[in-house]
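# Pasting the sequence and the predicted coordinates here, then a few questions.
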Amino acid sequence: MALIVKIGGSIQKDEKDYELIVKKIQDFSKKSDKIIVVTSAIKNVTNELISATLNTDNSPNIVTEIYERHIKLLSKLADGKEFENSFKDISRLSDELFRVAWSIRVLDEVTPRVRDYILSFGERMATLLLSAILRSNGIEAEGVITPPFITDENYGEANVIEDLSKKEIMSILENVKANVIVLPGFIGRTKEGRYTTLGRGGSDYTATLLGKLIGLREVRLVTEVPGIMTGDPKKFENAKTITRLSLEEAIELSQLGAKRLHPRTFDPVFGSDMKVIVESLYEDGFTMINGECENNDGLKGISLLDNAKLITVESTKIVGKIGSAARITNEAKEAGVNIISISQPASETTIQLVVDSLSANRLLSKLEELKGTLVKDIEVNDVNIVGIVGCGIKKKEISTKVLSIASSYDPLAISRGISNVSMTFIVNKEEGEKLAKELHKVIVSG
Ligand SMILES: Nc1ncnc2c1ncn2[C@@H]1O[C@H](COP(=O)(O)OP(=O)(O)O)[C@@H](O)[C@H]1O
Ligand SMILES: N[C@@H](CC(=O)OP(=O)(O)O)C(=O)O
């Protein structure tokens, strides 16, 4: 039976990492006759390519540095004919990237389509590098740099057209005879062949969606942390690995930002018996995601989003007026701003939206235009979003405990997530970390 193994960007930074990746693929090869490796861009490359699109003056320097990093790794980890051939392939791709970098420098303009084209080089170069390293270590591997998915033209967050993508993938599988196939995560292309991206963290989603389309039972997401943990280990010192998550819990945690997973990572698992395992390259420990809530499930994990704004739109003109909320949310759509949370009291005198701080100004300038007609006042507050996830929260004694802790932080809004397995609290910016840490203590102490 084939297996999908996703290799994250966090674990592709130096020679040692690649030695461990080779070993991991060799171990999997003993158990599976076909391995589909999905790779992310190497560490930090997507961020650097994004910065090239934002600082166009510096873009040729940024892409030169990216090229040199790939070649340095290749020269350390591949030799002879393998080095020569892959050096040529990576250089050819980099020439193309370099030409685009110069074009955006001259034009000083980057459309969403060009941005995705530029980002696509990260995963494509990583595919060439990783497959060359695997071959140099005696693994029969082939890299295919054409994205496996056909998508719509929603650049930056493209939607996969599943039936066309399935045909594409089946034809790749038929044509590639090697035991190990390396494919680029995160990217797709339109029917016309233009590059698209699936959204940040999209390689995890590539892996699970490939699993669904091929009909596989197991997808492994290999990263730098030993699974999905009770909290981000960089923020919560005593965070522990969560051994098992039901599908609903995993969906809630990924939506709330855990392990920087793409929010749709677990959608493909619905209605299938596929299990997803998140594991570390460096240490033991993993999280298994599959199945439904179990009776003894308690609280599992916490997330803290610490860069959000609460926008309160006030007006008596909203009261009882059909379509008011739609007008306001439409402004967000027009401004290209994702609404993280939305609420309205039954008196209908306010509508509250929580959005990412970085995009808040775009929405605010649109809402200002409604002043005098639909909107009377607009208030803006810096807030944190604290989410707690676990099937156990369905139990009254557990939800009461969580609510009693949260109530002492005077939450501005409280909401519940899918199948009732999460609670989210919007609190003032200064309170978020304290509340998250107190709730995390409850999770860790069991
Ligand atoms: N609940 C969590 N469990 C594990 N890691 C988390 C969690 N929340 C945030 N993270 C962060 O996610 C990082 C791994 O995600 P990412 O850098 O995207 O890995 P990769 O590149 O391997 O996909 C970790 O270093 C960790 O700091
Ligand atoms: N390289 C893309 C896609 C991805 O999933 O990366 P990673 O596996 O390193 O999170 C990003 O940074 O968004």
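Yep, that arrived. Ligands and ions are numbered 1, 2, ... in the order given.
# Pick out the residue of this protein closest to ligand 2.
The minimum distance from the chain to ligand 2, using Cβ to the nearest ligand atom, falls at residue 9 (2.8 Å). For every residue, glycine as well, the C-beta is placed using N, CA and C.
# Now do the contacts for that residue.
Contacts here follow Cβ atoms under 8 Å, 6 or more residues apart in numbering; on that basis residue 9 touches 40, 41, 42, 43, 44, 45, 46, 126, 203.
# Which residue is the nearest non-sequential neighbour of the last one?
This means residue 203. residue 185 (2.7 Å; Cβ to Cβ, 6 or more residues apart in numbering).
# what's around that neighbour, how many residues?
By the criterion of other Cβ atoms under 10 Å, residue 185 has 31 neighbours.
# before we move on, what about residue 96?
Around residue 96 there are 12 residues (other Cβ under 10 Å).
# what do you get for the one 10 residues further on?
Summarising burial for residue 106: neighbours were counted as other Cβ under 10 Å, giving 9.
# Please confirm that it is located within a strand.
No: if the criterion is DSSP: H, G, I helix; E, B strand; the rest coil, then residue 106 is helix and not within a strand.
# what about residue 171, helix or strand, and which?
For residue 171, the host element (DSSP states H and E) is helix 162-175.
# contact partners of the next helix or strand after that helix?
Sequence order places strand 180-184 as the next helix or strand after helix 162-175, per DSSP H and E. Residues outside strand 180-184 that contact it (Cβ under 8 Å, 6+ apart) are 25, 29, 34-39, 120, 123-124, 126-127, 130-131, 134, 139-145, 147-148, 172-173, 206, 210.
# Buried ones only from these, please, as a PyMOL command.
Selection of buried members from the contacts of strand 180-184 for PyMOL, criterion 16 or more other Cβ atoms under 10 Å:
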select buried, resi 25+29+34+35+36+37+38+39+120+123+124+126+127+130+131+134+139+141+142+143+144+145+147+148+172+206+210
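# Near ligand 1, list only the ones from the contacts of strand 180-184.
Contacts with ligand 1 are made by none of the contacts of strand 180-184, judged by Cβ under 6 Å from any ligand atom.
# Enumerate the residues of the chain near ligand 1.
8-11, 40, 201, 223-225, 228-229, 231-234, 258-260, 301.
# Weed out the non-buried ones from those residues.
By 16+ other Cβ under 10 Å, the residues of the chain next to ligand 1 give 8-11, 40, 201, 223-225, 228-229, 231-233, 258-259, 301 as buried.
# taking the contacts of residue 9 one by one, which sit in helices?
45, 46, 126, 203 (DSSP state H).
# which residues does the closest residue to the second one other than its chain neighbours contact?
To tie it back to what came earlier, the one meant is residue 46. Ranked by Cβ to Cβ, 6+ apart and with sequence neighbours excluded, the top spatial neighbour of residue 46 is residue 122, at 5.1 Å. Residue 122 sits next to 40, 41, 42, 45, 46, 49, 66, 186 when contact means Cβ under 8 Å, 6+ apart.
# I figured the fourth one hits residue 66, correct?
Yes: using Cβ atoms under 8 Å, residue 45 and residue 66 qualify as a contacting pair, with a distance of 5.7 Å.
# helices and strands around the strand or helix carrying residue 99, which ones?
Using DSSP H and E, residue 99 sits in helix 80-107. For helix 80-107, the packing partners by 3 or more Cβ pairs under 8 Å, 6 or more residues apart in numbering; DSSP states H and E come out as helix 45-54, helix 59-77, helix 112-136.
# Can you pull the residues of the stretch 51-200 of the chain lying near ligand 2?
Proximity of the stretch 51-200 of the chain to ligand 2 is confined to 122, 185, 186, 200 under the rule Cβ under 6 Å from any ligand atom.
# try it again with 8 Å
For the stretch 51-200 of the chain, the residues in contact with ligand 2 (Cβ under 8 Å from any ligand atom) are 119, 122, 123, 185, 186, 197, 199, 200.
# Repeat that for the stretch 201-350 of the chain.
201, 202, 203, 204, 205, 206, 223, 260, 262.
# I'd like to know how many residues surround the second one.
Read that as residue 202. Neighbours of residue 202 (other Cβ under 10 Å): 26.
# these two touch, right, it and residue 185?
Yes: using Cβ under 8 Å, residue 202 makes contact with residue 185 at a distance of 6.4 Å.
# just the helices and strands packed on helix 80-107: most buried one?
Ranked by mean neighbour count, those are led by helix 112-136 with a mean of 24 (mean count of other Cβ atoms under 10 Å).
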